[in-house]
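Engineer: The amino acid sequence is not available; the structure is as follows:
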Ligand SMILES: O=C[C@H](O)COP(=O)(O)O
């Protein structure tokens, strides 16, 4: 059972929107340091900034490839992933080729994932974009990610409206199996949902900077302590 105190250890705080500014990147780093998040995840061009901002802190630095639509050439995804690793990324979140998957081209979709996972030593989290899939497709995509050799399956970029639910996490975990970890992301906005998702098998959460601030505000309130955010403005 995950506790409120340890929940931040499971959070990847992100700044990956198209209009992300340096100030947003700096802000998520401050929050990640104050609350002991698992990692910061930024657009590739900001990876070095997150590393510079968090020197000396026990924080992973992640970035994204094939993001946010997943339709890039496999070679492009592989190149980007390798560059990110060379720059110091410790985790990479990649988007599955959603269109290929929905077209029934499972062989291509799987090869695309395997190629990226084999190109780098760091863990790859494969985003299946659950907002665009029905339940059967979510299960099938999670199985595919597992069979492609990825260590993580992640629900969503958060860019398609439909939030990740506890039920989606449950389906993903069941389909992906014991050896693949589940990351829940996209539209997650409250602590109770996160605790339920952890019970359903989520081992990591992706939260945009703003949603994360709100979650931590609520966390401080529930833990009966002052809002740490007040001290890092
Ligand atoms: O990691 C995924 C997204 O950055 C989640 O963004 P969101 O919390 O704003 O939905």
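Structural biologist: Noted; the coordinates are in hand. For clarity, every value in this text was computed on a predicted model and none was experimentally measured.
Engineer: any idea how far the residue most central in space within the chain is from the ligand?
Structural biologist: Central residue of the chain (Cα atoms, centre = their mean): residue 206, 4.3 Å from the mean position. Residue 206 sits 3 Å away from the ligand, taking Cβ to the nearest ligand atom, to the nearest Å as the criterion. Glycine gets a C-beta too; all of them are placed from N, C-alpha and C.
Engineer: same question, residue 125
Structural biologist: Distance from residue 125 to the ligand, by Cβ to the nearest ligand atom: 9 Å.
Engineer: could you point out which element follows the strand or helix carrying the residue nearest to the centre of the chain?
Structural biologist: Using DSSP states H and E, residue 206 sits in strand 202-208. For strand 202-208, the following helix or strand on the C-terminal side (DSSP H and E) is helix 209-222.
Engineer: That following helix near the ligand anywhere?
Structural biologist: Yes. For helix 209-222, a contact with the ligand is found by Cβ under 6 Å from any ligand atom, at residue 211.
Engineer: Equivalent analysis for stretch 192-200, please.
Structural biologist: No. Using Cβ under 6 Å from any ligand atom, stretch 192-200 never reaches the ligand; the gap is at least 11.2 Å.
Engineer: Pull out the buried residues from that stretch.
Structural biologist: 193, 194, 195, 196, 197, 198, 200 (16 or more other Cβ atoms under 10 Å).
Engineer: Verify the stated contact: residue 220 with residue 214.
Structural biologist: No. Checked against Cβ atoms under 8 Å, the pair residue 220 and residue 214 is beyond contact range at 11.0 Å.
Engineer: how about the residues of this protein near the ligand?
Structural biologist: 14, 16, 157, 158, 185, 186, 187, 188, 206, 207, 208, 211.
Engineer: Report how many residues lie close to the closest residue in space to the third one that isn't next to it in sequence.
Structural biologist: Yep, that's residue 157 we're talking about. Nearest non-adjacent residue to residue 157, counting by Cβ to Cβ, 6 or more residues apart in numbering: residue 68, 4.4 Å away. The tally of other residues near residue 68 (other Cβ atoms under 10 Å) stands at 18.
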